[in-house]
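*Asks:* give the three-dimensional model of this entry:
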Amino acid sequence: MLFRQLFDAASSTYTYLLADPASGEALLIDPVFEQSTRDLSLLHELGLTLKLVVDTHAHADHVTAAWLLKQKTGCQIASAAVINAEHVDLPLQHGQRFGVKGVELEARATPGHTDGCMSYVLSDESMVFTGDALLIRGCGRSDFQQGNPHTLYHSVVEQLFSLPDSCAVYPAHDYNGRTASSIDEERRCNARLGGNANEADFVGYMQALKLPHPKRIAEAVPANLRSGCPQDGQLPPEPDWSSDLRMTYAGIPEVGPQWLMEHRDAVTLLDVREPGEWQNEPLPAQLDSVVQIPIGSLADRVAEVPQGKPVVALCRSGKRSSLATGILRGAGFEQVASLHGGVLPLAQH
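*Replies:* Got it, this is the predicted structure:
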């Protein structure tokens, strides 16, 4: 199985990618709306097809990307049936098995943080994705959104601590940079539930917490009951100067050589190679009127780049031109892209 743990710094949310390399089918757990471009870029670069998006609960600190990813890929959406969220294709019940080809999960109801909290256990019980029910050395709060510390205690002890000691714990959040734990570690060392703590110990701890409500709760909860669909039901606006514009997982905007050849007059072409390369590897004749500034000089000479059209930067292989896009964006250029693959594929056109 292919596995990736992704992080959203704004909400300290972990998104998990699970995929079967043989079939290319993939699922995402707890995707974040603002990170959808990153997630789609990773799927594209790994040659994967997104088939399923799964939320562990109706989050209060961020908006899920479930609906947005469904619009982009045609994938299905899964979450706990008790949430009764809109746009859900697979309402999950406790004990239900689901997934994609080559990756099977078991849904375990783990309420207490919210009524609709679910944890997802990999079929061989080597991993569990605990949402906010069980965090690394902690747990989700239980003071709003149907929270109940008694319920949460039983959820963790009966549904999660009953898993094998070696089962790896992957939570929906961590605020201290910790990435994973194990059932054994949390059963022994969890600051709220571990060791010899009983239900009274845990409930007393949780009831004594005085935490401010999440900053985005008024926005996030209603949106997540719509699976992340905006109130107007419209996709967020995207740059429209190129139909071929794509963002890489590294965060680089790119266009392909075919698009460039067909839309040469619509862009400013910036060649960031060295002068010797300009002479020894000239561009095709149809790519005329090129602005030539070596990458090492670009930051000091950025004022020489015309701003009337979108800018496409190129170099031999697309590496230096990717750096050029960052320099240009830092200088205030909004419509910029690197030529995917650089000069090398242009010979085929």
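*Asks:* residues of stretch 323-332 that come out buried?
*Replies:* Across stretch 323-332, burial judged by 16 or more other Cβ atoms under 10 Å covers Leu323, Ala324, Thr325, Ile327, Leu328. All C-beta spots, glycine's among them, are computed from the backbone N, C-alpha and C.
*Asks:* let's see which of the residues you listed end up in helices.
*Replies:* Leu323, Ala324, Thr325, Ile327, Leu328 (DSSP state H).
*Asks:* and of those, the nearest to His150?
*Replies:* Nearest to His150 among these, counting by Cβ to Cβ, is Thr325 at 53.7 Å.
*Asks:* tell me the confidence at that closest one?
*Replies:* Reading off the confidence values, Thr325 has pLDDT 98.
*Asks:* how about the contacts made by it?
*Replies:* Ile252, Pro253, Ala313, Val336, Ala337, Ser338 (Cβ atoms under 8 Å, 6 or more residues apart in numbering).
*Asks:* try it again at 10 Å.
*Replies:* 251-254, 270, 272, 311-313, 333, 336-338 (Cβ atoms under 10 Å, 6 or more residues apart in numbering).
*Asks:* got it, and Ala313?
*Replies:* Contacts for Ala313 (Cβ under 10 Å, 6+ apart) come out as 253-254, 268-272, 291, 293, 295, 298, 305, 320-328, 336-339, 342.
*Asks:* among these, which ones are in helices?
*Replies:* The helices, defined by DSSP H, take in Ile295, Leu298, Arg320, Ser321, Ser322, Leu323, Ala324, Thr325, Gly326, Ile327, Leu328 from the contacts of Ala313.
*Asks:* the fourth one and Val305, how far apart?
*Replies:* Distance check for Ser321 against Val305: by Cβ to Cβ, to the nearest Å, it reads 13 Å.
*Asks:* mutual contacts of those two, please.
*Replies:* Counting by Cβ under 10 Å, 6+ apart, the contacts common to Ser321 and Val305 are Leu270, Ala313, Val336.
*Asks:* neighbour count for Ser321 and Val305, which is higher?
*Replies:* Taking other Cβ atoms under 10 Å, Ser321 and Val305 do not tie; Ser321 has more neighbours (28 against 19).
*Asks:* and Asn280, what pLDDT?
*Replies:* In this model, Asn280 is scored at 89, pLDDT.
*Asks:* ok, it to Ser317 distance?
*Replies:* Computed as Cβ to Cβ, the Asn280 to Ser317 distance reads 15 Å.
*Asks:* next one: Val255
*Replies:* From Val255 across to Ser317, the span is 15 Å (Cβ to Cβ).
*Asks:* so where's this protein uncertain?
*Replies:* The model of the chain has pLDDT under 70 over residues 347-349.
*Asks:* farthest residue from the center of it?
*Replies:* Going by Cα atoms, centre = their mean, the residue of the chain most distant from its centre is Gln279, 42.7 Å out.
*Asks:* coming back round to it: out of the ones in helices among the buried residues of stretch 323-332, flag the one nearest to Gln93.
*Replies:* Distance to Gln93, by Cβ to Cβ, is smallest for Thr325 among those, at 47.2 Å.
*Asks:* so Tyr16, which state does it fall into?
*Replies:* Following DSSP: H, G, I helix; E, B strand; the rest coil, Tyr16 is assigned to strand.
*Asks:* so what pairs up with it in the strands?
*Replies:* Gln5, Ile29 (DSSP bridges).
*Asks:* what about it, neighbour count?
*Replies:* Applying other Cβ under 10 Å, we find 20 other residues in the vicinity of Tyr16.
*Asks:* that one contacts Asp30, doesn't it?
*Replies:* Yes: in terms of Cβ atoms under 10 Å, Tyr16 counts as a neighbour of Asp30; the distance is 6.9 Å.
*Asks:* give me the common contacts of these two.
*Replies:* What both Tyr16 and Asp30 touch, as defined by Cβ under 10 Å, 6+ apart, is the set Leu6, Val54, Thr56, Tyr120, Phe129, Tyr170, Ala172.
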